[in-house]
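J.: with the sequence up front, the predicted model follows.
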Amino acid sequence: MRALVEQTRDTVKEWLERLNLLWDDNCEHRGKVGLHILMGGEDDGEWDLYPEHEAILIGTQDMLLSRALNRGYGMSRYRWPMHFGLLNNDALWVMDETQLMGVGVETSAQLDGFRQTERAGALPGCRTWWMSATLDYTQLATVDHPRPTGGWPAIKLENKDLAVLAVRERFNAKKKIASARPVLDATTKDDPKPLAKFIAEQTPGSPR
């Protein structure tokens, strides 16, 4: 999602600036880390011109997965192989909010299977993490990415984590769901104000 990309970009930029590791076009790249956005309407910063230096790429799945499939969306087809090679070698893929990815989850799993068997022409050293509290593990089982004996390694909340009060409160939090009264009718269906007012009334502390 675009909003998630932008939020993540802002946070990572703050980290790199605090560590004095963020590169820009006016500084020496050696020892620095590039931060680039792959998203429609954004300038990617020509990250592919510096494959020998460290970089963090943050983007939407249409941009990233299409490049990993050698079909880079929104770019010249003459540069497809360049991005294909860079994204399938010496890279760590982190898939966040997998419940929003649809078939992109299976696509990323199949790509990971190709990389591990070198069928895509990639070298070892490219791994994938899937991050979600609701991930359906069956989505990761594809033709070239079968479920290993004992399952895939996973990091989950343990008892020592749940012993922390703040974590336990969030983990056991209950969400109340109730039917909302109708707020739109034939005379207001094109006017968003009644709906906005209703939502504000249900949200404590929100501006009226």
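T.: Perfect, I can see it now.
J.: pLDDT weak spots in the chain?
T.: Counting by pLDDT under 70, the chain has low-confidence residues at 25, 118-124, 184, 186-188, 205-208.
J.: where exactly do the strands run in it?
T.: For the chain, applying DSSP state E gives strands covering 34-38, 55-59, 92-96, 127-131.
J.: any chance of CSV for those strands, columns distance to residue 138 and mean neighbour count?
T.: All C-beta atoms are positioned from the backbone trio N, CA, C, and that covers glycine. Converted to CSV, those look like this (distance: least, Cβ to Cβ, whole Å; neighbours: other Cβ atoms under 10 Å):
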stretch, distance to residue 138, mean neighbour count
strand 34-38, 28, 21
strand 55-59, 26, 20
strand 92-96, 16, 15
strand 127-131, 13, 14
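J.: any chance of those strands in JSON lines, plus distance to residue 142?
T.: Shown next, in JSON lines, are the strands of the chain (distance: least, Cβ to Cβ, whole Å):
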{"stretch": "strand 34-38", "distance to residue 142": "24"}
{"stretch": "strand 55-59", "distance to residue 142": "22"}
{"stretch": "strand 92-96", "distance to residue 142": "14"}
{"stretch": "strand 127-131", "distance to residue 142": "12"}
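J.: closest to residue 75 out of those?
T.: Of all the strands of the chain, strand 34-38 sits nearest to residue 75, with 9.6 Å by Cβ to Cβ.
J.: that closest one pairs with which strands, parallel or anti?
T.: strand 55-59 (parallel) (DSSP bridges).
J.: residues in contact with the strand it pairs with?
T.: Here strand 55-59 makes contact (Cβ atoms under 8 Å, 6 or more residues apart in numbering) with 5, 8-9, 12, 16, 33-39, 47, 64, 87.
J.: which of the strands of the chain sits closest to residue 182?
T.: Nearest to residue 182 among the strands of the chain is strand 92-96; the distance by Cβ to Cβ comes to 35.9 Å.
J.: so in that sheet, which strands flank the closest one, and in what orientation?
T.: Strand 92-96 is paired, per DSSP bridges, with strand 127-131 (parallel).
J.: now for residue 180: which residues touch it?
T.: Applying Cβ under 8 Å, 6+ apart, the residues near residue 180 are 198, 202.
J.: again, 7 Å this time
T.: Taking Cβ atoms under 7 Å, 6 or more residues apart in numbering, we find residue 180 in contact with residue 198.
J.: ok, back up a step: which one of the strands of the chain lies nearest to residue 164?
T.: strand 127-131 (20.0 Å).
J.: which one is the most centrally placed residue in the chain nearest to, not counting chain neighbours?
T.: For the chain, the residue nearest the mean C-alpha position is residue 96 (3.9 Å; Cα atoms, centre = their mean). In space, and not counting its chain neighbours, residue 96 is closest to residue 131: 4.9 Å by Cβ to Cβ, 6 or more residues apart in numbering.
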